[in-house]
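[1] turn this into a structure:
(one chain, ligands or ions: 2)
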Amino acid sequence: MKNQTAFIFDLDGVIVDTAKFHFLAWQKLANKIGIDFSEKENEQLKGVSRIKSLEKILSWGKKSLSDEEFQRLMDEKNQDYLNHVHQMTKADILPGVEDFLEELKSKNHPIALGSASKNAKTILKCVGLSNTFEAIIDGNKVTKAKPDPEVFLKAARLLNTEPQNCFVFEDSIAGIKAANAGGMTSIGIGNKDTLHEAAFCFNNFNEFDYQFFKTIKTQA
Ligand code: B16
Ligand code: MG
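    Ligands and ions are numbered 1, 2, ... in the order given. Okay, here's the model as predicted:
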């Protein structure tokens, strides 16, 4: 089992496009407290935990809050975000993802979820993927946020495989750094310039197939 090739998936921005909901919720909150928030700022929050995200937004706006107010704003943002999430269905799974997951399962590859989100299980339930992953490591199970590799190392351990046998799919700079720091092969999903540290990068799951990973293994 230790040498088996395993696949670890980030959630937001890889399996579903919840990044747009995070953007809307953070933008609403930032604007409410007088801080500008555009796509550029949002890019820096991808893969970053909820607490760290609000800390960053406040530092950009040079504002500080009491602990109580900080917590209240985090809760408010999350409620707003969840209102969007609860509208999601299977149709919101990003193109090519389901077929690829099915193929990996049919070939008996271990697959895990490695997400910074504390809402990961809710999202998986909404889109009908609750029983897809052998292991789920989410924001409730880590002490160190991406770019620390903890989330992916824990996933690899649960899959009973070594980091060097793992491919990690990520849409965030922090997540690519985390996968690389963990000694895994990072696959960026998104813009090549933004994710230039990824070992390989694609716009979406329709741009590659299972065979691609066999090629990499053979070259290694
Ligand atoms: P939550 P991922 C990350 O999920 C998101 O990319 C990031 O934007 C978000 O702040 C973080 O989860 C925390 O999410 O507020 O739901 O706990 O991309 O690692 O799946
Ligand atoms: Mg992500």
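
[2] tell me where the protein has strands.
    6-9, 111-114, 135-137, 166-170, 185-189, 200-202 (DSSP state E).

[3] how about the helices of the chain, start to end?
    Ranges of helices in the chain, per DSSP state H, are 19-32, 39-43, 50-60, 67-85, 97-106, 120-126, 150-158, 173-181, 210-219.

[4] related to what we said a few turns ago, closest to L158 out of the strands of the chain?
    strand 135-137 (3.7 Å; Cβ to Cβ). Quick note: C-beta positions are derived from backbone N, CA and C, even for glycine.

[5] okay, the helices of the chain in TSV with distance to K141, mean neighbour count and mean pLDDT next?
    Formatted as TSV, the helices of the chain follow (distance: least, Cβ to Cβ, whole Å; neighbours: other Cβ atoms under 10 Å; pLDDT from 0 to 100):
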stretch	distance to K141	mean neighbour count	mean pLDDT
helix 19-32	20	18	95
helix 39-43	25	14	92
helix 50-60	15	17	96
helix 67-85	18	14	98
helix 97-106	21	16	97
helix 120-126	9	19	98
helix 150-158	7	23	98
helix 173-181	14	24	97
helix 210-219	26	12	80
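
[6] distance of K20 from G128?
    Remark: distance between K20 and G128 (Cβ to Cβ, to the nearest Å) = 20 Å.

[7] kindly report the same for Q79.
    Using Cβ to Cβ, one gets 23 Å for the distance from Q79 to G128.

[8] and if you look at K28?
    Computed as Cβ to Cβ, the K28 to G128 distance reads 28 Å.

[9] with N3 instead?
    32 Å.

[10] which one of these two has more residues nearby?
    Legend: neighbour count by other Cβ atoms under 10 Å for N3 and G128, higher for G128 (15 against 8).

[11] which ones are touching that one?
    89-90 (Cβ atoms under 8 Å, 6 or more residues apart in numbering).

[12] just the pLDDT at it, thanks.
    At G128, the model reports a pLDDT of 97.

[13] what of M1?
    58.

[14] around the residue lying closest to A120 once chain neighbours are set aside, how many other residues sit close by?
    Once flanking residues are discounted, A120 sits nearest to D138: 3.7 Å by Cβ to Cβ, 6 or more residues apart in numbering. The tally of other residues near D138 (other Cβ under 10 Å) stands at 20.

[15] from the chain's centroid, how far away is stretch 79-92?
    Between the centre of stretch 79-92 and the centre of its chain there are 16 Å (Cα atoms, centre = their mean, to the nearest Å).

[16] can you give me the end-to-end distance of it?
    Distance between the two ends of stretch 79-92: 20 Å, counting by Cα to Cα, to the nearest Å.

[17] what sits against the residue in the chain positioned nearest to ligand 2?
    Nearest residue of the chain to ligand 2: G13, at 3.7 Å (Cβ to the ion). Shown in contact with G13 (Cβ under 8 Å, 6+ apart): 19, 46-47, 171-172, 189-190.

[18] the protein - how does it break down into domains?
    If you go by automatic domain parsing, the domain ranges for the chain are 6-16+92-219, 19-85.

[19] where does the residue with the largest distance to the centre of the chain land on pLDDT?
    Distance to the chain centre peaks in the chain at S66, reaching 29.2 Å (criterion: Cα atoms, centre = their mean). Note for S66: predicted pLDDT of 97.

[20] could you list the contact residues of the protein toward ligand 2?
    Taking Cβ under 5 Å from the ion as the contact definition, the chain meets ligand 2 at 10, 12-13, 47, 171-172.
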